[in-house]
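S.K.: A predicted structure for the sequence below; I have some questions about it.
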Amino acid sequence: MDATGSINTEALDSIENEDEVIDDSEERELVTDSCSTKVLDTTEEPRDRYCIVYILFYLFGVTSLVPWNFLITANDYWMYKFRDVTPNNLTMVVRKTQFQAEFTSYLNVATAIPNLIFLVLNSLYGHLVSTKSRLQGSLIVVTICFLITTAMVQVNTDEWQNGFFIVTIVSVVIMTAASAVFIGGLVGIASRFSKEYMAAVVSGQSLGGIIAAVAQIISLAFKISPLHSALIYFIIADLMVITSLISYVMLYRIDFFTYHILRGCGGIASNRHRTVSMTAIIKKIWVYAFSIFAVFGISMAVYPAVTVLVESHPITSGTDWNNIFFVPVVNYLIFNCGDYSGRLVAGFLLRPNNQWIIAGASVLRIIGVPMLMLCNAQPRKHLPVVFLWDWEYIIIMIVFAFTNGYLTNIVMVNSTRVVELHEREKASSLIATMLSVGLVAGAAVGMLLVRLL
């Protein structure tokens with residue numbers, strides 16, 4: 001009996017030791033030749049010296065939305081590229097070509113659909129490819145596409161606008177797909193750290209919009225030509241993406257980052273190999289998933305489809321504020337600043353914690369939809385203008401944007417705290433997917449709301 005028991009015990013120990021060796025080898029293979037593996041052999045948590053990892057997470061957040069922010073901001077550039085170049089157009093009337101009138105709609109489709117599809121694919125099959133490969137690969141693809149976009153600025157495309165349109169849309173589709181993979185992997189990584197790091201990623205995404213808006217306003221103030229302003233935009237975007245790519249590679253040499261990636265906030269490495277049930281995760285986070293869907297569905301229903309049509313008070317007619325700066329300042333800069341402020345404040349407070357209160361607050365934001373529609377959006381046929389003054393519109397916009405950012409940060413952080421450690425990456429990907437679904441649904445509703453004005 002004792003001998004048999006001893007043999008069984010030794011056998012069990014042998015199996016356990018074998019499992020540990022397998023897990024350890026997989027972890028070491030993940031970081032081989034790129035970082036120190038001493039964090040695998042210690043229970044002491046390294047420190048984020050000089051907040052380097054935190055700062056880089058901010059940069060990654062900014063980079064994750066670089067394609068959208070910088071492409072949509074360069075509107076004057078696209079209008080120039082697709083202008084009427086026929087030599088017999090001698091009239092003083094400036095008419096939009098078909099490409100000029102429809103390009104923004106095509107751009108929205110080319111970003112919204114691939115973003116949703118690849119976020120879903122990342123949620124379902126992302127685990128089949130290592131996180132490191134996904135993020136590095138996606139950044140490389142975005143870099144190549146943006147370099148091509150930048151090079152096209154200096155190419156005369158007047159004689160082949162159809163070809164330029166096709167090249168641009170294909171590039172945007174590829175770039176957006178890669179960005180979606182990057183976002184899905186990024187939020188998964190951030191979920192393994194403390195809540196401040198997820199907040200850094202979310203806040204960084206909003207900061208990118210501010211950078212693009214400021215660049216646009218500066219170019220307008222100095223009356224820079226569309227080609228030169230676009231070149232500046234795209235070079236800045238190139239530098240940001242390349243810097244993020246280099247920084248991500250270097251992250252694996254930082255013990256603090258490696259510790260959390262391999263250990264998961266101090267947990268055991270074997271957690272990474274436990275089975276993840278999608279059904280179980282959905283049951284835990286479906287309220288948060290609905291909340292993020294509601295937040296972005298409501299926001300996109302009026303922003304920017306309706307808000308871009310809002311004009312300054314008629315008393316400012318003929319001024320630079322009305323003709324040049326009103327839409328860039330209020331619709332882009334103030335909205336992004338309000339959104340960014342909300343994400344910053346939420347990063348410190350993280351209140352409320354109750355998921356049902358968060359869901360209720362997310363739905364309550366729908367009040368902002370009719371209020372923005374009753375601002376001075378032109379042209380309109382059906383609804384009256386109730387909020388005619390600029391200050392009324394700006395206040396409504398600030399509150400709408402602040403709540404968007406505040407609730408986004410709360411949902412992104414709290415949704416990863418109601419699941420097990422090994423489920424966090426998958427949960428984060430699901431939340432990012434529902435955010436994208438909200439964007440697509442909101443954009444579709446926005447097209448209908450414009451017709452109701």
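M.R.: Nice, I can see it.
S.K.: contacts and neighbour counts: CA atoms only from here.
M.R.: Will do.
S.K.: residue 124: how many residues sit nearby?
M.R.: Per other Cα atoms under 10 Å, the neighbour tally for residue 124 reads 14.
S.K.: could you do residue 114 as well?
M.R.: Look at residue 114: counted by other Cα under 10 Å, it has 21 neighbours.
S.K.: now do the contacts for it.
M.R.: 173, 174, 176, 177, 180 (Cα atoms under 8 Å, 6 or more residues apart in numbering).
S.K.: can you select the buried ones among these for me in ChimeraX?
M.R.: Per 16 or more other Cα atoms under 10 Å, the buried members of the contacts of residue 114 correspond to this ChimeraX selection:
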select :173,174,176,177,180
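S.K.: out of the contacts of residue 114, which sit inside helices?
M.R.: Secondary structure from DSSP state H places 173, 174, 176, 177, 180 of these in helices.
S.K.: show me the domain layout of the protein.
M.R.: With domains defined by automatic domain parsing, the chain comprises 34-84+98-273, 276-453.
S.K.: redo the ones you listed as JSON lines? Include mean pLDDT.
M.R.: Output for the domains of the chain, formatted as JSON lines (pLDDT from 0 to 100):
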{"stretch": "domain 34-84+98-273", "mean pLDDT": "83"}
{"stretch": "domain 276-453", "mean pLDDT": "89"}
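S.K.: nearest residue to the spatially most central residue of the chain other than its sequence neighbours?
M.R.: The centroid of the chain falls nearest to residue 65 when counting by Cα atoms, centre = their mean (4.6 Å). Using Cα to Cα, 6 or more residues apart in numbering and skipping the chain neighbours, the partner closest in space to residue 65 is residue 205 (6.1 Å).
S.K.: do I have it right that that neighbour meets residue 67?
M.R.: No: the criterion here is Cα atoms under 8 Å, and residue 205 misses it with residue 67 at 11.4 Å.
S.K.: compare the two (neighbour count), which wins?
M.R.: Per other Cα under 10 Å, whichever of residue 205 and residue 67 has more neighbours is residue 205, with 25 against 21.
S.K.: spit out the contact partners of that one.
M.R.: Residues in contact with residue 205, defined by Cα under 8 Å, 6+ apart, are 58, 61, 62, 63, 64, 65.
S.K.: likewise residue 424?
M.R.: Contacts of residue 424 (Cα under 8 Å, 6+ apart): 188, 191, 192, 416, 417.
S.K.: cool, residue 328 as well?
M.R.: 213, 216, 217.
S.K.: next one: residue 129 from residue 135, what distance?
M.R.: Separation of residue 129 from residue 135 (Cα to Cα, to the nearest Å): 10 Å.
S.K.: these two: who's more crowded?
M.R.: Between residue 129 and residue 135, counted using other Cα under 10 Å, the more crowded position is residue 135 (21 against 10).
S.K.: what helix or strand is the more buried one located in?
M.R.: Following DSSP states H and E, one finds residue 135 within helix 131-153.
S.K.: can you pull the buried residues of that helix?
M.R.: Quick answer for helix 131-153 (16+ other Cα under 10 Å): 131-132, 134-147, 149-150, 153.
S.K.: keeping just the C-alphas, turn it into PDB.
M.R.: The C-alpha coordinates for helix 131-153 follow below in PDB (Å, rounded to 0.1, in the frame of the first residue of the first chain):
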ATOM      1  CA  THR A 131       0.000  39.200 -28.900                       C
ATOM      2  CA  LYS A 132       3.500  40.300 -29.700                       C
ATOM      3  CA  SER A 133       3.200  39.200 -33.400                       C
ATOM      4  CA  ARG A 134      -0.200  40.700 -33.800                       C
ATOM      5  CA  LEU A 135       0.800  44.200 -32.500                       C
ATOM      6  CA  GLN A 136       4.100  44.400 -34.200                       C
ATOM      7  CA  GLY A 137       2.600  43.100 -37.500                       C
ATOM      8  CA  SER A 138      -0.300  45.500 -37.400                       C
ATOM      9  CA  LEU A 139       2.000  48.500 -36.700                       C
ATOM     10  CA  ILE A 140       4.200  47.500 -39.600                       C
ATOM     11  CA  VAL A 141       1.200  47.400 -41.900                       C
ATOM     12  CA  VAL A 142      -0.100  50.800 -40.700                       C
ATOM     13  CA  THR A 143       3.400  52.300 -41.200                       C
ATOM     14  CA  ILE A 144       3.700  51.000 -44.800                       C
ATOM     15  CA  CYS A 145       0.200  52.200 -45.700                       C
ATOM     16  CA  PHE A 146       0.700  55.700 -44.200                       C
ATOM     17  CA  LEU A 147       4.100  56.000 -45.900                       C
ATOM     18  CA  ILE A 148       2.300  55.300 -49.200                       C
ATOM     19  CA  THR A 149      -0.400  57.900 -48.400                       C
ATOM     20  CA  THR A 150       2.300  60.400 -47.500                       C
ATOM     21  CA  ALA A 151       4.100  59.800 -50.800                       C
ATOM     22  CA  MET A 152       0.900  60.300 -52.800                       C
ATOM     23  CA  VAL A 153       0.700  63.900 -51.600                       C
END
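S.K.: which strands and helices lie in contact with it?
M.R.: If you count contacts as 3 or more Cα pairs under 8 Å, 6 or more residues apart in numbering; DSSP states H and E, helix 131-153 packs onto helix 161-190, helix 226-251.
S.K.: go with 10 Å
M.R.: Applying 3 or more Cα pairs under 10 Å, 6 or more residues apart in numbering; DSSP states H and E, one finds that helix 131-153 contacts helix 2-31, helix 52-64, helix 66-73, helix 75-81, helix 161-190, helix 226-251.
S.K.: pLDDT score for residue 27?
M.R.: At residue 27, the model reports a pLDDT of 41.
S.K.: what of residue 20?
M.R.: 36.
S.K.: one more: residue 23?
M.R.: So residue 23 comes in at 37 (pLDDT).
S.K.: which other residues reach whichever strand or helix holds residue 357?
M.R.: Using DSSP H and E, residue 357 sits in helix 355-364. With Cα atoms under 10 Å, 6 or more residues apart in numbering as the test, helix 355-364 has contacts from 285-298, 351-352, 403-404, 407-408, 410-411, 414-415.
S.K.: any of the residues you listed buried? List them.
M.R.: Buried subset of the contacts of helix 355-364 (neighbour count, 16+ other Cα under 10 Å): 285-298, 403-404, 407-408, 410-411, 414-415.
S.K.: out of those, which sit inside strands?
M.R.: Within the buried ones among the contacts of helix 355-364, no residue falls in strands by DSSP state E.
S.K.: name the residues of the helix holding residue 357 that are buried.
M.R.: By neighbour count on 16+ other Cα under 10 Å, the buried set for helix 355-364 is 355, 358, 359, 361, 362, 363.
S.K.: tell me the one of those nearest residue 232?
M.R.: For the buried residues of helix 355-364, the closest approach to residue 232 (Cα to Cα) belongs to residue 362, at 37.1 Å.
S.K.: tell me how far that closest one lies from residue 291.
M.R.: Distance, residue 362 to residue 291, using Cα to Cα: 6 Å.
S.K.: touching both of these two, which residues are there?
M.R.: Residues within reach of residue 362 and of residue 291 at once, by Cα under 10 Å, 6+ apart, are 297, 356, 407, 408, 411.
S.K.: from the residues you listed, which two are the most distant?
M.R.: Greatest spatial distance in the shared contacts of residue 362 and residue 291: 297 and 356, 17.9 Å, computed using Cα to Cα.
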